[in-house]
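Peer 1: Test case, fold it:
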Amino acid sequence: MVAEKHKKETQPSLIEYARDALIHERKRKKQIYEDLLIPTSLRLNEIERYHIIKIFEHITIAAENEIRLYLVDLLEDDAPLSVIMLLNDPTKHLTLEWLSDSILLRDQTFVAMLIRRMRTSFLQKNCHKRQYHKSPKNSDIIDSLIGQMDADIALSAMVLLIAESRQISHLNNPILSRTDLSAELQYKLLWWVAACLRSCLLEAQLSEEQVDQALSKAVRQALTQYDEGSTLEARALKLARHLHKYRKLSDEFILQSAMDGHTALMVAALAIRSGVNHHYIWDIVLNEDESPLLLLLKAIGMPRQMAASLAFQLTGHSLDNHQIAEKVKAFEALSQSDADKALALWRLDECYRESICEIENRYKTAREKKAYIASPDFFQQDCL
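Peer 2: Numbering: from 1, shown residues only. Alright, predicted model coming up:
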């Protein structure tokens, strides 16, 4: 009788079911309205969206597993056996249900990293397809560097190859290693995962103080394992600097790096050759419009044919497109000195540059509004 009474008290009523359904429908409609406002040209396609979510899932699970590993040691003497078994169960992913509402998906820098990894994986797949048609005499550029007599170059090439291997899962799917995030993003990721685990642990009747102390220690232990110098970008930049010291960052080297699928190395080489921050180079390289890249290549003095080959490799476009052909002609017409001057804004500090662009856009919008109000069209509106 007591059990039946308790069941009746805890079982949701039809009123609650109906209320939850209506709340869900309101959220869904709001999301649809927002989605319809996004222009097609700015929208992710379903394949891109799928890969981004999968990359996010993988890095979240990896962070969760690391924290859980530390939690087992911290809680094994105090927590119930059921909690320890849950933390040790590799089939249970406790944070996945929170992914869609994650604050990380509203962090522009974090999402930019997910998009970058997704687009880089597409470039690498295209490169791997070309490897079947590649002459056996032309070895991969990283393999060639590992065989160099110079120890700095050979060692840097080897550690870069190891970092690249972390970007592919055992199923050959693109992933993003937690250790390849910046210190700030890694900090946000680990604490967000800890907050998700907190609610799960509190449901197991552990005290808030006990849970908070254990999670804080676990996250701090995970953060101590982080070395910003071991990220893929840092290793690519280190190798590129060694090569620059020996004057080996040639146009041919940059093109072959792209052709062999070593995008991070190509980005590092372009950053050093141009003097533009490598974070901004990523935006230029992964832009579907090759205009910024062609301007950058002109500024560093890359010949027309080689620049066109690199641009087509990264965008998948060809000279059959009339607009692309016009851009290549514009590349040839522009002088290297004028192209280099145009890069002056790109070489500024990232925050300063973005602030300048934001203020200029506001001034431009304000000027256009004033010009429209002063025009005859404004006074000929039906509403007036």
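Peer 1: Could you check the pLDDT of residue 382?
Peer 2: Residue 382 is assigned a pLDDT of 52 by the prediction.
Peer 1: same deal with residue 253?
Peer 2: 96.
Peer 1: Residue 266: neighbour count?
Peer 2: In terms of burial, residue 266 registers 27 neighbours under the definition other Cβ atoms under 10 Å. To be clear about C-beta, it is placed using only N, CA and C from the backbone, and glycine gets the same treatment.
Peer 1: let's number from 314 now, not from 1
Peer 2: Taking 314 as the first residue, the last one we looked at is residue 579.
Peer 1: I'd guessed it sits against residue 570; true?
Peer 2: Yes. Counting by Cβ atoms under 8 Å, residue 579 touches residue 570, with 4.0 Å between them.
Peer 1: residues near residue 544, how many?
Peer 2: The number of residues packed near residue 544 is 21, by other Cβ under 10 Å.
Peer 1: Over to residue 369?
Peer 2: Burial of residue 369 is recorded as 21 neighbouring residues (other Cβ under 10 Å).
Peer 1: Excluding covalently adjacent residues, which one is nearest to it?
Peer 2: Nearest non-adjacent residue to residue 369, counting by Cβ to Cβ, 6 or more residues apart in numbering: residue 427, 5.8 Å away.
Peer 1: OK, contacts around that neighbour?
Peer 2: 365, 368, 369, 489 (Cβ atoms under 8 Å, 6 or more residues apart in numbering).
Peer 1: Shouldn't the last one be within a helix?
Peer 2: What that stands for is residue 489. No. Counting by DSSP: H, G, I helix; E, B strand; the rest coil, residue 489 is not part of a helix but coil.
Peer 1: Confirm for me that it is in contact with residue 373.
Peer 2: No. Using Cβ under 8 Å, residue 489 is not in contact with residue 373, being 10.3 Å away.
Peer 1: Residues that sit against both of these two, list them.
Peer 2: Contacts common to residue 489 and residue 373, judged by Cβ under 8 Å, 6+ apart, are absent.
Peer 1: Can you find the helix or strand in this structure with the smallest mean pLDDT?
Peer 2: Across the helices and strands of the chain, mean confidence by mean pLDDT, DSSP states H and E is lowest for helix 315-323: a mean of 47.
Peer 1: number of nearby residues for residue 365?
Peer 2: 20.
Peer 1: now do residue 570
Peer 2: When counting by other Cβ under 10 Å, one arrives at 25 neighbours for residue 570.
Peer 1: Contact partners for it?
Peer 2: For residue 570, the contact set (Cβ under 8 Å, 6+ apart) comprises 454, 576, 578, 579, 582.
Peer 1: Could you do residue 440 as well?
Peer 2: 571, 572, 573, 574.
Peer 1: rerun at 7 Å
Peer 2: Residue 440 is in contact with 572, 573, 574, counting by Cβ atoms under 7 Å, 6 or more residues apart in numbering.
Peer 1: State the mean pLDDT of stretch 488-506.
Peer 2: Stretch 488-506 comes out at a mean pLDDT of 90.
Peer 1: Do me a favour and get the end-to-end distance for that stretch?
Peer 2: Across its full length, stretch 488-506 reaches 18 Å between end residues, using Cα to Cα, to the nearest Å.
Peer 1: quick check, distance from that stretch to the centre of its chain.
Peer 2: Centroid separation for stretch 488-506 versus its chain: 11 Å, with Cα atoms, centre = their mean, to the nearest Å.
Peer 1: next one: stretch 332-341
Peer 2: How far stretch 332-341 lies from its chain's middle: 32 Å, per Cα atoms, centre = their mean.
Peer 1: likewise stretch 475-482?
Peer 2: Counting by Cα atoms, centre = their mean, stretch 475-482 is centred 15 Å from the centre of its parent chain.
Peer 1: Quick check: buried residues in that stretch?
Peer 2: 476, 477, 479, 480 (16 or more other Cβ atoms under 10 Å).
Peer 1: Also stretch 510-520?
Peer 2: For stretch 510-520, the neighbour count (16+ other Cβ under 10 Å) marks 510, 511, 513, 514, 519 as buried.
Peer 1: again, but for stretch 543-555
Peer 2: 544, 545, 546, 547, 548, 549, 550, 551, 552, 553, 555.
Peer 1: Check the gap between residue 634 and residue 624 for me.
Peer 2: According to Cβ to Cβ, to the nearest Å, residue 634 stands 12 Å off from residue 624.
Peer 1: The two: who's more crowded?
Peer 2: The neighbour comparison of residue 634 against residue 624 (other Cβ under 10 Å) goes to residue 624, with 24 against 12.
Peer 1: hang on, the earlier thing: just send the contacts of residue 440 back as JSON lines, with neighbour count too.
Peer 2: What follows is the contacts of residue 440, written out as JSON lines (neighbours: other Cβ atoms under 10 Å):
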{"residue": "572", "neighbour count": "20"}
{"residue": "573", "neighbour count": "23"}
{"residue": "574", "neighbour count": "24"}
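Peer 1: re earlier: among the contacts of residue 427, which lie within strands?
Peer 2: Among the contacts of residue 427, DSSP state E puts none in strands.
Peer 1: on that earlier part again, quick one: the residue nearest to residue 369 and residue 362, what's the gap?
Peer 2: Distance, residue 427 to residue 362, by Cβ to Cβ: 10 Å.
Peer 1: Equivalent analysis for residue 409, please.
Peer 2: 17 Å.
Peer 1: Residue 648 versus the nearest residue to residue 428 once chain neighbours are set aside, what's the distance?
Peer 2: Nearest residue to residue 428, sequence neighbours excluded (Cβ to Cβ, 6+ apart): residue 365, at 6.5 Å. Counting by Cβ to Cβ, the gap between residue 365 and residue 648 amounts to 40 Å.
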